[in-house]
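Asker: Mind folding the following:
(2 chains)
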Amino acid sequence: MEIRKAAVIGAGVMGSGIAAHIANAGVPVVLLDVVPKDAQGTDPAERSAIARGAIDKLLKADPAPFMHPRNARLVTPGNLEDDLGLLAEADWICEAVIEDVEIKRALYKKLDKVRKKGSAVTSNTSTIPLAALTRGLPAGFAMDFFITHFFNPPRYMRLLEIVAAPKTRKAAVEAVAAFCDVGLGKNVVFCHDTPGFIANRIGTRWMQAAINGALDQGLTVEEADAVMGRPVGVPKTGIFGLIDLVGLDLLPHVGRSLAANLPKGDPVREQHREPELFRKMIETGHIGRKGKGGFYRLNTAGGQRVKEAIDLRTGEYAPAQKPELDSVAAARGGLRALVEHEDKGGRYAWTVLSETLGYAAALVPEIADDIDAVDKAMRLGYAWKFGPFELIDRLGPAWFAERLKQEGRTVPPLLAQVGEGSFYRTDKGRRQVFGTDGKYHDVRRPEGVLLLADVKRATEPLAANGAASLWDVGDGVACLEFHTKMNAIDADVLAMIGQSIARVQKDDALKALVIYNEGSNFSVGANVGLALFAANIAMWPAIENIIQLGQQTYKMLKYAPFPVVGAPSGMALGGGCEVLMHCSAVVAHAESYMGLVEVGVGVVPGWGGSKELLTRWVTNPKRPGGPTPAVSKVFETIGTAHVAKSAAEARDALFLRESDGIAMNRDRLLAEAKAKALALVEDYKPPEPQEISLPGETARVAMGLAVDGFARQGKATAHDVVVSEALAGVLSGDGTDITETVSEDRLLELERKAFMSLIRTPATLARIEHMLETGKPLRN
Amino acid sequence: MKNAVIAGYLRSPFHFAGKGALTKVRPDDMVAGVVKALVAKTGIDPADIEDLILGCANPEAEQGLNMARYVVFLSGLPITVGGTTVNRWCGSSMQAIHIAAGSVRMGAGEAFICAGVESMTRVPIMGYNPSPNPALAKTWPETYYAMGITAEKVAQKYQVTREVQETFAVASHKKAAAAQSGGRLDAEIVAIETPAGPIDKDGGIRPDTNLEALAALKPAFDKDGTVTAGTSSPLTDGASAVLVCSEDYAKQHKLDVLARIKSIAGTGLEPEIMGMGPVEATHKALTRAKLKIADVDVMELNEAFASQSVACIKELGIDPDKVNLDGGAIALGHPLGASGARITGKAASNLKREGGKFAVATMCIGGGQGIATVLEAA
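Answerer: Sure thing, here's the model as predicted:
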């Protein structure tokens, strides 16, 4: 079975978010909710007001649940009285109504009457056991029914927990799991039918430990987050930062319902507390970022933005302090150095980690078949940098067990069983995981998943320097990986691009190149720190050289005699975006954020980005006619540093072409890029150099008039005007005429000249400096 | 010489460009709907129509290709009716009336449809290919000033404070709202078909607007200025049409004559204060009609901006109570090519309704021009 049509019942935050994401996969979805109590008459708009309103809310929500606003058209709203007939075509019906087992069961009876034979029905419950949901329902329904537990927000959270019973029809589970994996981009983790499944069970225990620990041991909000955040990565925001993000109001509800479902003696149940301060914060709406601030808030009174933190004892806000804890510094020496440290940070880290990790270790195989599933769930569901078993490996399992023993605490059987070994190991280049049978097993990736991390474990690079490496990813495809800080592009990266092109060209075994990495961001752009350094000592020729080197290198990519496929995920900005625009093709992860943002640091795209985007727009058959619209569009896109908020939006901006691919699942990106490269290999011909016709001076004047208007309106700063004028010079074709054509090399020359004129202005250098210091653009 | 008269006036509802109810309607379809209804309403034999003269400020894309000829086809007029598209920016469809009036007087035709249209949704205000003359832009930048900036210049030069502008804008909305709720706009509006069904009411009138709400707006064109979106006419989609014919023809065919065209005038002035164009244009037209401003009973002054409207009313010395009885472009909207026929048709209708003797319709024009028409009760 293939999921061609879907339905979601329940248009609350989760239900509507799931529906939106199904639409993101291009699959039509029906969204039903109840008829409002006060609805009168037969007007469908009124009777389906809840689902309709939910779609309106989705379109306004930030971060956007839709990857493109047009996806909203794939969601058909309706109500549970008049529109049940719409469910007859659904291959998958996902229920996301209120967490009440009676209401759910009554609904299932209704669904069973109208659903297509063999369709899958799932519940998005986070608290109700599967067995309870199907009690009293026909066996035919129970066979097709299981739990798909999404995390909020469904578009962005990559974890999907699936709970199926032994009697559940395998084909139904496989069809939905495959769709959620390939279509929705989720990483599916199979869980056992136990309360809270994996992520919320361990996550709740961790939150309890982290909150109770901070309260009992007298740590401030800032201290607790400083310890758990950067050094441990559980998660990057720390505990209180995370609660602010998800909303404090959800906490008591999740804790209470999980505690109620767990047997007596379970630590989640025994340690459940609802601190008075939290109750007050919820009451007054201090529930985090979606409310009036939470444990942190930005105080903008007095015209300045001051980050404040709450005092856990008094509930008063004060400017956030940067904690100075020796243990945090010691953590650079490893996780064990942190928990062994004697200061309060070290003691706190030990308390939280020992309780959380000890709990997790005791839950396998109760909640899942293997520890890998548990680690994956915590990484993806709670944004931990490492899963609990990976953390135990970092502490040393034997050391951890010994310390638990010394403290008179129980050593979980699995921890005892692993003994002097570790939960993960690399054997002959393969990652292996410790099983409950006491043996190591290869970590198996789903079909169609290719991870560079696995390749790197198993092989040596074909070529490498400190900034980038070239790997053989099989079938004659080489993979160029950037690995600088934030994958910024510098001379070494450029050198490795050049080397990679040469290598693929001369090595008979290689026939295509993929540019890909597994960092959080594909590349945030050129290393502007180096440019600033050179500018400060007036090394203008050096700056011009690197601009020229980048232009030549990217041009070599474009005209390489073999296909080059770029495969971004996360941010691909500035020089990172420019690399992709010079590839033969791109397969982008759906969550790619592309943009030519150079004006933010006071320059124009100088590595061929202006040229490529301009050429794409000028030659785009779909744009409005005439010489100016293409130029205006590119001027607006680059001049406002527009960043596309998804791969789908990147297509609108022409950062991606129609022919470029989009991969929904991050883990499938490399394999899909490789497949695209191989598909292009046969009879590959590099593109013909293009000459375009540009309007010249009149367009420069028209853009100048527009910028003058923005400056008068106060929307453009003084230096915005300078940068925009330089950009307008490039995009108009500087001195050309509509009757003539402009070559690629001439456009590169214009980019270079504009870049060099701007880099010599103090205002541009101030922008670069500010960006390096704060990560934010300076509005000068 | 023959007299020219206005023997019928209709328009589409006016709606905000980009977000209003007419965004999906092609401008040629929109104005064809108005023309068809005008022919039906006036009862004129279409075979007697000499020409369709169509005003449009940005005649390109869907408004291109001599749109007037296509509007002849779309509105089912006989193939013998010609079509010409004329452009005098905001004054385009008043210019269409002037061409018809001149033709009638020199015996070059008995009946003309004078229409105007602008879909500011579907063809942007600067057109798709703004291509200013670089040399002129350098030596005389005022010639390319944005309209909002000219409104600021007028506000400065004639000392029209922000509060005065806002008071004027509120009054425009109140008058328009009263006219709408009193049904006084219904007779002039033709329902326009849209994918979401027919639309027969204006969409821009804000009956509840007030000084506090307007005072809260940020300046729209100059961060240190006084002109806001609330005191400017909005970008608008709309169409309008009047029937201009000889007085003899109207009598012979028993057409309902709204007013006689007494005199016309156009003028030029500094582009940076283009909003003051109506002053000299009105003076010229009144002089040609041997009238004084005090003789005018009804005036339609196109409200491009509150600042220029207030300054023109003051400079002309006209009693503000005689101006824009049913509200103006600040409330109704200003679809550039359609506004001239609207205010001329409206002035003629109101002259008849109010039982006055003389009316003036006048407007300012980007680039620094004014245009005016004096009407006489028939």
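
Asker: how far away is residue A:582 from chain B?
Answerer: 29 Å (Cβ to the nearest Cβ, to the nearest Å). C-betas here are computed from N, CA, C, even on glycine.

Asker: pretty sure that residue contacts residue A:557?
Answerer: Yes - applying Cβ atoms under 8 Å as the test, residue A:582 and residue A:557 come out as touching, 4.5 Å apart.

Asker: anything in contact with each of those two?
Answerer: Overlap between the neighbourhoods of residue A:582 and residue A:557 consists of residue A:564, taking contacts as Cβ atoms under 8 Å, 6 or more residues apart in numbering or on different chains.

Asker: isn't there a helix covering residue B:5?
Answerer: No - note on residue B:5: no helix contains this position according to DSSP: H, G, I helix; E, B strand; the rest coil, which reports strand.

Asker: contacting residues around the residue lying closest to residue A:169 once chain neighbours are set aside?
Answerer: Counting by Cβ to Cβ, 6 or more residues apart in numbering or on different chains, residue A:143 is the residue found nearest to residue A:169 once chain neighbours are left out, at 4.7 Å. By Cβ under 8 Å, 6+ apart, the residues touching residue A:143 are A:167-169, A:172.

Asker: now the residues you listed: which count as buried?
Answerer: A:168-169, A:172 (16 or more other Cβ atoms under 10 Å in any protein chain shown).

Asker: Make JSON lines from these and add distance to residue B:73, pLDDT and secondary structure to it.
Answerer: As requested, those are exported to JSON lines (distance: Cβ to Cβ, whole Å; pLDDT from 0 to 100; DSSP: H, G, I helix; E, B strand; the rest coil):
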{"residue": "A:168", "distance to residue B:73": "65", "pLDDT": "96", "secondary structure": "coil"}
{"residue": "A:169", "distance to residue B:73": "63", "pLDDT": "96", "secondary structure": "coil"}
{"residue": "A:172", "distance to residue B:73": "59", "pLDDT": "97", "secondary structure": "helix"}
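
Asker: Now flag whichever of the contacts of residue A:143 is closest to chain B.
Answerer: For the contacts of residue A:143, the residue nearest chain B by Cβ to the nearest Cβ is residue A:172; the value is 40.7 Å.

Asker: Let me see the contact set for the closest residue to the closest one other than its chain neighbours.
Answerer: In space, residue A:172 comes closest to residue A:120 once its chain neighbours are excluded; the distance is 4.2 Å by Cβ to Cβ, 6+ apart. Listed by Cβ under 8 Å, 6+ apart, the contact partners of residue A:120 are A:1, A:91-93, A:144-146, A:172-173, A:175-176.

Asker: run the last query once more with 6 Å
Answerer: By Cβ atoms under 6 Å, 6 or more residues apart in numbering or on different chains, the contact list for residue A:120 reads A:92, A:144, A:172, A:176.

Asker: State the distance from it to residue A:29.
Answerer: In this structure, residue A:120 lies at 14 Å from residue A:29, with Cβ to Cβ, to the nearest Å as the measure.

Asker: tell me which residues in stretch A:157-172 are buried?
Answerer: Along stretch A:157-172, these residues count as buried under the neighbour rule (16+ other Cβ under 10 Å): A:157-165, A:168-169, A:172.

Asker: Helices of the stretch 201-350 of chain B, residue ranges please.
Answerer: Using DSSP state H, counting those that start in this stretch, the helices found in the stretch 201-350 of chain B span residues B:211-215, B:247-252, B:277-288, B:306-316, B:329-332, B:336-354.

Asker: Equivalent analysis for the stretch 51-200 of chain B, please.
Answerer: All helices of the stretch 51-200 of chain B, identified by DSSP H, counting those that start in this stretch, fall at B:67-74, B:92-105, B:134-139, B:147-157, B:162-181.

Asker: closest one to chain A among these?
Answerer: For the helices of the stretch 51-200 of chain B, the distance to chain A is smallest for helix B:134-139, at 4.1 Å, taking Cβ to the nearest Cβ.
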